[in-house]
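Colleague: Sequence and predicted structure, then a few things I'm wondering about:
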Amino acid sequence: MSMIDLIKRSCLALTAAIVMLCAGLGVHQTALAEPEKIKIVATTGMIGDAARQVGGELVEVRALMGPGVDPHAYRQTRTDIAALTRADLVLWHGLYLEAQMEEFMHDLARNQTVVAVAEKLPKNLLRGHDIYENKYDPHVWMNPNLWAKVVIEVRDALIAAHPDAETAFKENTDRHLQELDGLSIYATQILSTVPAEGRVLVTAHDAFNYFGAAYGFEVLGIQGISTESEAGLNRISELVDSLVERRISAVFVESSVSDRNIRALIEGADAQGHKVVIGGELFSDAMGEDGTYEGTYLGMIDHNTTTISRALGGDTPERGMLGKLAANHSRNDIQ
Ligand SMILES: [Zn+2]
């Protein structure tokens, strides 16, 4: 055995300082035992982001629903099922958000650790559902203060699954909760600069009721809380009349919902001589592209609040809370 071989072999058992020396000698890192990561599968991108924030280096997270995916309509694929059954921990939203996966999730919960994180919120903080009397509006991520409570549920689910890492999970969570606090302060501040008569948010579906309640905006959605039902022509002409009467000048499209109905609104108002523009694209039920700032929860809500404030006449920093938003996210050009 050569000297190098001897050194390589002894490296396996040595301390961190010597590990660095070994790396210099070309010992492959996988030879050193790495702690196995906790495999987490989340349904929405927002829950996946929370799990990454809380779990940090200790977890490997996969979110089933990527950018632009509508959770109300999403059904698990064969690849999803394989990932779900292999996961150490499955996190889903609940509150009937993943309506098409509901049954599957309940079945999965018989054999695996499956937690519906938003179901655990105190019911007095939730808003009612417009169609189902005994159900709640699931879009709680639209208010960072409410979302913070979901992040705490994610933390507790991770601690229950992996008690050894409790300290790390708590530290990570506290850091993220501070970021959410900052986001909440920013949103309140810039949205309060929107003139009172302009505080009307017209969107494709009713995802923004928690947003409206938190920041004092009236919310008019063409479709209901779920995207499952088609909007009736009556609803559209009713909204066109509101736009014209109240001189509402901007409406918003959503990344996960077709913009056909929003265009019908603009055309309807135009026919009555009232000009309405698309104030921007909002992330309603899915975050932005992976690997971008808008593809994180902070970036998603920063983008939404900044876009809404600017389009409705508020005083808003060009690139958002941290100067990290992509430039040119006005969608006036797509008309
Ligand atoms: Zn929705």
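Modeller: Thanks, I have the structure now.
Colleague: what number of residues lie near Gly323?
Modeller: Neighbour count for Gly323, taken as other Cβ atoms under 10 Å: 9. C-beta here means a position set from N, CA and C on the backbone, and glycine is covered the same way.
Colleague: Same question for Pro317.
Modeller: 15.
Colleague: Over to Lys135?
Modeller: Around Lys135 there are 16 residues (other Cβ under 10 Å).
Colleague: Can you tell me how far it is from Gly128?
Modeller: Separation of Lys135 from Gly128 (Cβ to Cβ, to the nearest Å) stands at 8 Å.
Colleague: now Thr193
Modeller: Distance from Thr193 to Gly128, by Cβ to Cβ: 30 Å.
Colleague: Then Ala311?
Modeller: For Ala311, the distance to Gly128 - Cβ to Cβ - is 28 Å.
Colleague: Of those two, which one has the most company?
Modeller: Between Ala311 and Gly128, counting by other Cβ under 10 Å, Ala311 is the more crowded of the two (24 against 13).
Colleague: quick one: the helices in the stretch 1-150 of the chain?
Modeller: For the stretch 1-150 of the chain, the helices defined by DSSP state H, counting those that start in this stretch occupy 3-11, 16-24, 45-55, 78-86, 102-108, 144-161.
Colleague: From the contact counts, what lies against the third one?
Modeller: Think helix 45-55. Contacts defined by 3 or more Cβ pairs under 8 Å, 6 or more residues apart in numbering; DSSP states H and E place helix 45-55 against strand 38-42, strand 59-63, strand 89-92, helix 144-161, helix 166-191, helix 297-311.
Colleague: try it again with 7 Å
Modeller: strand 38-42, strand 59-63, helix 144-161, helix 166-191, helix 297-311 (3 or more Cβ pairs under 7 Å, 6 or more residues apart in numbering; DSSP states H and E).
Colleague: Kindly compare burial across these and name the winner.
Modeller: Among the helices and strands packed on helix 45-55, helix 297-311 has the highest mean neighbour count (mean count of other Cβ atoms under 10 Å), at a mean of 25.
Colleague: Give me the mean pLDDT for it.
Modeller: Taken as a whole, helix 297-311 carries a mean pLDDT of 97.
Colleague: Enumerate the residues of this structure near the ion.
Modeller: Applying Cβ under 5 Å from the ion, we find that the chain lies next to the ion at Ala207, Asp285.
Colleague: returning to what we had before: which one of the helices and strands packed on helix 45-55 lies nearest to Leu233?
Modeller: helix 297-311 (26.1 Å; Cβ to Cβ).
Colleague: Now do that closest one and helix 144-161, the angle between them.
Modeller: Put simply, helix 297-311 runs at 170 degrees to helix 144-161, going by axes from the mean of the first three to the mean of the last three Cα atoms, to 10 degrees.
Colleague: which residues sit in contact with the closest residue in space to Glu254 that isn't next to it in sequence?
Modeller: Spatial nearest neighbour of Glu254, chain neighbours left out: Ser284 (4.1 Å); criterion: Cβ to Cβ, 6 or more residues apart in numbering. Ser284 makes contact with Thr203, His205, Ala207, Glu254, Ser255, Ser256, Val257, according to Cβ atoms under 7 Å, 6 or more residues apart in numbering.
Colleague: What of Gln112?
Modeller: If you count contacts by Cβ under 7 Å, 6+ apart, Gln112 has them with Val90.
Colleague: which phi and psi does it have?
Modeller: phi -140, psi 170 (degrees, to the nearest 10).
Colleague: Low-confidence regions, the stretch 151-300 of the chain specifically.
Modeller: Along the stretch 151-300 of the chain, the parts satisfying pLDDT under 70 run over 229.
Colleague: which residues in it form helices?
Modeller: Using DSSP H, counting those that start in this stretch, helices in the stretch 151-300 of the chain cover 166-191, 209-215, 233-245, 260-271, 297-311.
Colleague: Run the angle between the third one and helix 260-271 for me.
Modeller: Read it as helix 233-245. For helix 233-245 against helix 260-271, the angle between stretch directions is 50 degrees (the same axes, to 10 degrees).
Colleague: which strands and helices sit next to helix 233-245?
Modeller: Using 3+ Cβ pairs under 7 Å, 6+ apart: helix 233-245 touches strand 218-223, helix 260-271.
Colleague: by how many degrees do the shortest one and helix 260-271 diverge?
Modeller: Spelled out, it's strand 218-223. Strand 218-223 runs at 110 degrees relative to helix 260-271, counting by the same axes, to 10 degrees.
Colleague: Sheet partners, orientation included, of strand 218-223?
Modeller: strand 200-205 (parallel) (DSSP bridges).
Colleague: For the strand it pairs with, what is the distance to the chain centroid?
Modeller: In terms of Cα atoms, centre = their mean, to the nearest Å, the centre of strand 200-205 is set 18 Å apart from its chain centre.
Colleague: and if you look at stretch 225-242?
Modeller: Here stretch 225-242 is found 25 Å from its chain centre; the criterion is Cα atoms, centre = their mean.
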